[in-house]
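Asker: Sequence below, structure please.
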Amino acid sequence: VAADRTPLGVVVAAEVVRRAKAGNIHIHFTHMGYGTQNSLDALCSKCPELVLPTGIKSIDGIGFQHCRSLTSITLPPDLESIGEDAFCKCTTLRTVVLPPTLKSIGYGAFYDCSFTSITLPAGLQRIGAGAFWNNTHLTALVIPDSVTEIGSHAFSWNPSLASLTLPASITEVADFLACG
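Answerer: Sure thing, here's the model as predicted:
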């Protein structure tokens, strides 16, 4: 809670928008205390469908982790990377719109989310380990030709995943790519 009693999640969101309007920014949460995460989840409960503004280049750290009320997010058109656990355990997240500028999806970025499909952009180069682990509703996924690296367990524990299309650009497949 800020000095004026505004929940910290609201303060963080307002600051993200202010900085995005001013130029290139990165959302980075190196460590969020339990109260901070609860405030961010409270923000998502008031606005379960988010559209992030232009100017955000990366979402690092734990970003929106555990935002249980977040159902839809449209990422900014100039976003380049989604970091480790950025949307981990957003268990009601059903719609994610990724921009064409996205190059990297980090470790556990979408672990335990609920989308049935996601379109990976043509310029994507890297998918981190466990990036889509335990997305129990994900039914099919096409990896674009631009991807050269996929981490271990990237698509593990997705019991509904009936189709996974890998491009010829993949030179090495990690252990347990899609087990479970």
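
Asker: Look up the closest residue to residue 79, ignoring the ones flanking it.
Answerer: With CB to CB, 6 or more residues apart in numbering as the criterion, residue 79 has its nearest non-adjacent residue at 5.1 Å, and that residue is residue 99. Using the backbone N, CA and C atoms, a C-beta is placed for each residue, glycine as well.

Asker: and the one you found, helix, strand or coil?
Answerer: Reduced to three states with DSSP: H, G, I helix; E, B strand; the rest coil, the structure at residue 99 is coil.

Asker: now it: how far from residue 80?
Answerer: According to CB to CB, to the nearest Å, residue 99 and residue 80 sit 9 Å apart.

Asker: With residue 116 instead?
Answerer: Applying CB to CB to residue 116 and residue 80 gives a distance of 26 Å.

Asker: more neighbours, these two?
Answerer: residue 80 (17 against 13; other CB atoms under 10 Å).

Asker: My read is that the more buried one contacts residue 103, right?
Answerer: Yes. Using CB atoms under 8 Å, residue 80 is in contact with residue 103, at 5.2 Å.

Asker: check contacts around residue 142.
Answerer: The neighbourhood of residue 142, defined by CB atoms under 8 Å, 6 or more residues apart in numbering, consists of 120, 165.

Asker: Can you read off the pLDDT for it?
Answerer: Looking at residue 142, its pLDDT reads 94.

Asker: With residue 110 instead?
Answerer: Each residue has a pLDDT score; the one for residue 110 is 95.

Asker: Give me the neighbour count for residue 136.
Answerer: Other residues near residue 136 number 14, with proximity taken as other CB under 10 Å.

Asker: where exactly do the strands run in the chain?
Answerer: Ranges of strands in the chain, per DSSP state E, are 25-29, 49-51, 56-61, 72-74, 81-82, 95-97, 104-105, 126-127, 140-142, 149-150, 163-165.

Asker: CSV for the ones you listed, including distance to residue 133?
Answerer: Conversion of those to CSV gives the following (distance: least, CB to CB, whole Å):
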stretch, distance to residue 133
strand 25-29, 20
strand 49-51, 23
strand 56-61, 18
strand 72-74, 19
strand 81-82, 14
strand 95-97, 15
strand 104-105, 12
strand 126-127, 11
strand 140-142, 13
strand 149-150, 12
strand 163-165, 14
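
Asker: Select, out of those strands, the one closest to residue 176.
Answerer: Between residue 176 and the strands of the chain, the tightest spacing by CB to CB is seen for strand 149-150, at 11.2 Å.
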